[in-house]
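J.: Here you go, sequence then predicted model.
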Amino acid sequence: MDGFAAHLEVEKLTPDEFIQVLETLHMLGSRGAGIELSSLSTQALVDILGQTSREQLKAVADHPELRSVFLDEIFRRMSEHFRPDRARHVDFVVSWRFSDGDGEDGFDRFQTVIEDGTCVSSVDLARTPDTTITLSVDDFIRMATGNAAVAAMFVTGKVKVKGEYAPAVRFSSYFDIPKPSGV
């Protein structure tokens, strides 16, 4: 699957064509064809998303099923890229709110807990958050795949923080986020 991804010229696709490719891959994966977005390496996923236009990412964010697939996939991979050595003595809970969602008050929600050298993310919102971060899905995808300047997103107001500000600002430093390799 990574070989296919390396040859996919995403930037040449219209947003509708890009969605059609992703829908096809997702459908094949859900039918047991062995071709799944989750089987892509993180680097391949980052490289594909590094080629996308804002319009293509907005189309993913606006597609209810693909939106969910990408959010689930990014949060699933967080623990794989977590660097406990960078988060020594760090214990906090981040609640994520993604605008234009299907959940309560029009937001999709996730929670990330970093404590005792571990990182766990899920849709379970049982913990009281230290910080709540609100942003769009397309900006989150760009941020989570190293395709956006996180500091600039805070400064421009694309990322809104309620609660403790410092954990939100430092959050990305606790992870090895692959950079696009310029496929």
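T.: Perfect, thanks for sending it.

J.: can we go C-alpha only for contacts and neighbour counts from here?
T.: OK.

J.: got the buried residues for the strand or helix carrying residue 73?
T.: Element membership of residue 73 [criterion: DSSP states H and E] is helix 64-81. Under the neighbour-count criterion of 16 or more other Cα atoms under 10 Å, helix 64-81 has 66, 67, 68, 70, 71, 72, 74, 75, 78, 79 buried.

J.: Same list (the residues you listed) but as CSV, adding pLDDT.
T.: Converted to CSV, the buried residues of helix 64-81 look like this (pLDDT from 0 to 100):
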residue, pLDDT
66, 92
67, 93
68, 91
70, 91
71, 93
72, 92
74, 92
75, 94
78, 92
79, 92
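
J.: contacting residues around residue 36?
T.: 1, 25, 26, 28, 29, 30 (Cα atoms under 8 Å, 6 or more residues apart in numbering).

J.: Low-confidence ranges, this structure, go.
T.: Scanning the chain for pLDDT under 70 picks out the ranges 1-8, 182-183.

J.: tell me the phi and psi of residue 36?
T.: phi -130, psi 140 (degrees, to the nearest 10).

J.: So residue 145 is in contact with residue 176, correct?
T.: No: counting by Cα atoms under 8 Å, residue 145 sits too far from residue 176 to count as a contact (10.1 Å).

J.: out of these two, which sits in the more crowded spot?
T.: Set residue 145 next to residue 176 and count neighbours by other Cα atoms under 10 Å: residue 145 wins out with 21 against 14.

J.: For residue 163, see how far away the more buried one is.
T.: 25 Å (Cα to Cα, to the nearest Å).

J.: now swap in residue 80 and tell me
T.: Distance from residue 80 to residue 163, by Cα to Cα: 26 Å.

J.: circling back: out of the contacts of residue 36, grab the one that's most surrounded.
T.: residue 26 (19 neighbours).

J.: In contact with it, which residues?
T.: 35, 36, 37.

J.: Can you show me the helices along the protein?
T.: For the chain, the helices defined by DSSP state H occupy 2-7, 15-30, 42-50, 54-62, 64-81, 137-144, 150-155, 165-170.

J.: how about the fourth one: buried residues?
T.: Going back to what we said before, that points to helix 54-62. 56, 57, 58, 59, 60, 61.

J.: Please look at the fourth one and residue 17 and confirm they touch.
T.: What it means is residue 59. No: Residue 59 is beyond contact range of residue 17, at 10.2 Å (criterion: Cα under 8 Å).

J.: picking that back up, and the helix holding residue 73, what other elements does it pack with?
T.: For helix 64-81, the packing partners by 3 or more Cα pairs under 8 Å, 6 or more residues apart in numbering; DSSP states H and E come out as helix 54-62, strand 118-122, helix 137-144.

J.: What residues of the second one count as buried?
T.: Counting neighbours by 16+ other Cα under 10 Å, one finds that the buried residues in strand 118-122 are 119, 120, 121.
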